[in-house]
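Trainee: any chance you could fold what I've pasted below:
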Amino acid sequence: MDLKDLFKKIDNLENKEVEINGWIRNRRPQKEFGFIDFSDGTCFKHIQIVYDNTLKNFNEISKALVGSALNIKGVIVKSSGKQDYELKATEINVLGSCPEDYPIQPKRHTREFLREVAYLRPRTNLFQAVFRVRSVAAYSIHKYFQENGYVYFHAPILTASDCEGAGEMFKVTTLPLDKLNGKLDYSKDFFGNETNLTVSGQLEAETFATAYKKTYTFGPTFRAENSNTKTHAAEFWMIEPEIAFANLDDDMRVMEDCLKYVVKYVLENLPDEIDFFDNFVKKGLKNKLTNLINSEFTQIDFNDAIDLLKKAPVKWENEPTENEDIGKEHEKYLTEYFEGPVFLKNWPKDIKAFYMKLNPDNKTVAAVDLLVPGAGELMGGSQREEDYDKLSKRMKEMNMESNSLQWYLNLRRYGSCPHSGFGMGFERLLIYLTGVDNIRDVIPYPRTSGSCDF
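Mentor: Modelled structure (predicted):
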């Protein structure tokens, strides 16, 4: 029986025999009896195993070390300790022993150390909780979009397009780099042209939106950005819905609805994990997440926000300006000022991507960032430019090479319509949900500048 099922039925299992499999998380052997803190990974809770010298292999069990895998048969009984119930073992078999130099001992390990043994860190309480949240949050995202009529689209990982136009892409080649003297002839390469790992599935997703009306991607993306901050990684996951016949207001409604749905789902389905984070990782996390579900999301134009920031009684590290992105300190102030999440919309065109719809003022684009308390920017979206001539002109203004994106331009020729979408970095969402503040600790095997282990 899995511990998850056992704990659901435990009141009805008293004095009944059960059989469980799992691992020793801690142990206290005594001369004639002993205790084992036991987990099987199916839920966050552990169960205490009590055994004594009536077991025929008592000496072997007393010597079994932390990390060892066990098969246990026994009877559920009331406990005299902190827990309500414990398991009185009638038979224990060691399925896989563990040596004394096992790295995950029952003590506090630094997160930096645990990254060095990332293949073992899911066995700790912190990462048991983190990666279960990752699993459940991913499921809730799919559940939200499937329940609302979206088609799940698998965006290509190998692409000839640079969605963001920033050039921070990993190049892919089968050419023998050690023999090329720094010169690449892509006509002789596997695909016959320059190919990269994708930075976003958005452009391809727009093609499906014009066929299915509503679509979404949820998959890995890559950035060759040499950054060592807590929020940047070379490989990360993105959620990117695209919606036909939708303007910026429609986009914001979906952003808010989706986020509230996911947060609520995680709170309802992982109460033990959320309580753990609230107690041991970030005090007040549970209240923060609950408050978001019940919050009204404020909307404010970028220029109005800049005016507000300039008038604020605050000494900024970096003064807010009309033609530059705002910083973390500004995001924090805005969410505190409005006492909740903030949609920052209608951004200056010069600091946003080429595909965003130009507003009638010809200075701003119909773009939006969602800022949330305690995390800052969590989502970014826009209405896409549906006019062929305007999009083509914008690409020329930005000195973009359009040949490789002619197919994207053609969407504006073949039954174009107003459409919008947004992107949400999955790991940034997990940082928000768990209070764990480093992206390296919410990805099973982080890929960052100078590090690609395991």
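Trainee: switch to C-alpha atoms for all contacts and neighbour counts from now on
Mentor: Noted.
Trainee: how about the helix or strand hosting R115: buried residues?
Mentor: Remark: R115 resides in helix 111-116, with elements defined by DSSP states H and E. By 16 or more other Cα atoms under 10 Å, the buried positions in helix 111-116 come out as R111, L114, R115.
Trainee: what's the helix or strand of the chain with the lowest mean pLDDT packed up against?
Mentor: When the helices and strands of the chain are scored by mean pLDDT, DSSP states H and E, strand 171-172 comes last with a mean of 90. Identification of packing neighbours for strand 171-172 by 3 or more Cα pairs under 8 Å, 6 or more residues apart in numbering; DSSP states H and E yields strand 195-197.
Trainee: what does the strand it packs on rub up against?
Mentor: The contact list for strand 195-197 (Cα atoms under 8 Å, 6 or more residues apart in numbering) reads I157, L158, T159, A160, S161, M169, F170, K171, V172, T173, T221, F222.
Trainee: circling back to that earlier point, any chance of the buried residues of helix 111-116 in a markdown table, plus distance to I351 and pLDDT?
Mentor: Shown next, in a markdown table, are the buried residues of helix 111-116 (distance: Cα to Cα, whole Å; pLDDT from 0 to 100):
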| residue | distance to I351 | pLDDT |
| --- | --- | --- |
| R111 | 36 | 95 |
| L114 | 38 | 96 |
| R115 | 35 | 95 |
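Trainee: out of those, who's nearest G340?
Mentor: Distance from G340 was checked for each of those by Cα to Cα. The minimum falls on R111, at 30.4 Å.
Trainee: which non-adjacent residue is nearest that closest one?
Mentor: D441 (7.6 Å; Cα to Cα, 6 or more residues apart in numbering).
Trainee: just give me the neighbour total for the one you found.
Mentor: D441 has 24 neighbours, counted by other Cα atoms under 10 Å.
Trainee: and what of N15?
Mentor: By the criterion of other Cα under 10 Å, N15 has 14 neighbours.
Trainee: how far away is it from D52?
Mentor: The gap separating N15 from D52 is 17 Å, by Cα to Cα, to the nearest Å.
Trainee: around S39, how many other residues sit close by?
Mentor: 23.
Trainee: picking that back up, can you give the distance of the helix or strand following the helix holding R115 from its chain's centre?
Mentor: Per DSSP H and E, the first helix or strand lying C-terminal to helix 111-116 is helix 125-147. Computed by Cα atoms, centre = their mean, to the nearest Å, the chain-centroid distance of helix 125-147 equals 9 Å.
Trainee: quote the end-to-end distance of stretch 343-357.
Mentor: Start-to-end, stretch 343-357 (Cα to Cα) is 17 Å.
Trainee: only the buried residues of it, if you could.
Mentor: Those would be 343-349, 352-357, for stretch 343-357 by 16+ other Cα under 10 Å.
Trainee: returning to what we had before: of all the buried residues of helix 111-116, which comes closest to E91?
Mentor: L114 (33.6 Å).
Trainee: quick one: the residue lying closest to the closest one once chain neighbours are set aside and Q128, what's the gap?
Mentor: Using Cα to Cα, 6+ apart and skipping the chain neighbours, the partner closest in space to L114 is R121 (5.7 Å). Between R121 and Q128 the computed distance is 8 Å (Cα to Cα).
Trainee: what do you get for L344?
Mentor: 35 Å.
Trainee: and E60, by the same measure?
Mentor: 28 Å.
Trainee: the more surrounded of the two?
Mentor: Q128 (17 against 12).
Trainee: ok, the more buried one - contacts?
Mentor: Q128 neighbours (Cα under 8 Å, 6+ apart): G41, F44, P122.
Trainee: just Q299 next, same as before
Mentor: Counting by Cα under 8 Å, 6+ apart, Q299 touches V342, F343, L344, K345.
Trainee: who does it bridge with?
Mentor: F343 (DSSP bridges).
Trainee: need phi/psi at the residue with the largest distance to the centre of the chain.
Mentor: Centroid-distance maximum for the chain: T54 at 48.5 Å, with Cα atoms, centre = their mean. The phi/psi pair for T54 (degrees, to the nearest 10) reads phi -80, psi -20.
Trainee: again, but for the one 5 residues further on
Mentor: Here is the backbone geometry of N59 (degrees, to the nearest 10): phi -60, psi -40.
Trainee: what is the neighbour count of it?
Mentor: N59, neighbours per other Cα under 10 Å, totals 15.
Trainee: repeat that for L289.
Mentor: That count, for L289 with other Cα under 10 Å as the rule, works out to 21.
Trainee: now E339
Mentor: Using other Cα under 10 Å: E339 sits among 16 other residues.
Trainee: quick one, what contacts the residue nearest to it when sequence neighbours are not counted?
Mentor: Distance criterion Cα to Cα, 6+ apart; nearest residue to E339, sequence neighbours excluded, is P373 at 8.0 Å. Counting by Cα under 8 Å, 6+ apart, P373 touches K288, K332, T335, E336, E339, G340, P341.
Trainee: measure V77 to G22 for me?
Mentor: 19 Å.
Trainee: where along this structure do the helices fall?
Mentor: In the chain, the segments counted as helices under DSSP state H are 3-9, 58-63, 111-116, 125-147, 202-212, 248-269, 271-280, 285-293, 302-311, 328-337, 388-397, 406-410, 426-434.
Trainee: run through who's touching the third one.
Mentor: When you say that, I think you mean helix 111-116. Helix 111-116 has contacts (Cα under 8 Å, 6+ apart) with L120, R121, R440, D441.
Trainee: which residues does the first one contact?
Mentor: So the one you mean is L120. I104, L114.
Trainee: was I right to think S404 contacts S161?
Mentor: Yes. S404 is within contact range of S161, at 6.5 Å (criterion: Cα atoms under 8 Å).
Trainee: out of those two, which sits in the more crowded spot?
Mentor: Under the criterion of other Cα under 10 Å, the comparison of S404 against S161 puts S161 first, with 23 against 13.
Trainee: which residues touch that one?
Mentor: Residues near S161 by Cα under 8 Å, 6+ apart: N196, T198, S404, L405.
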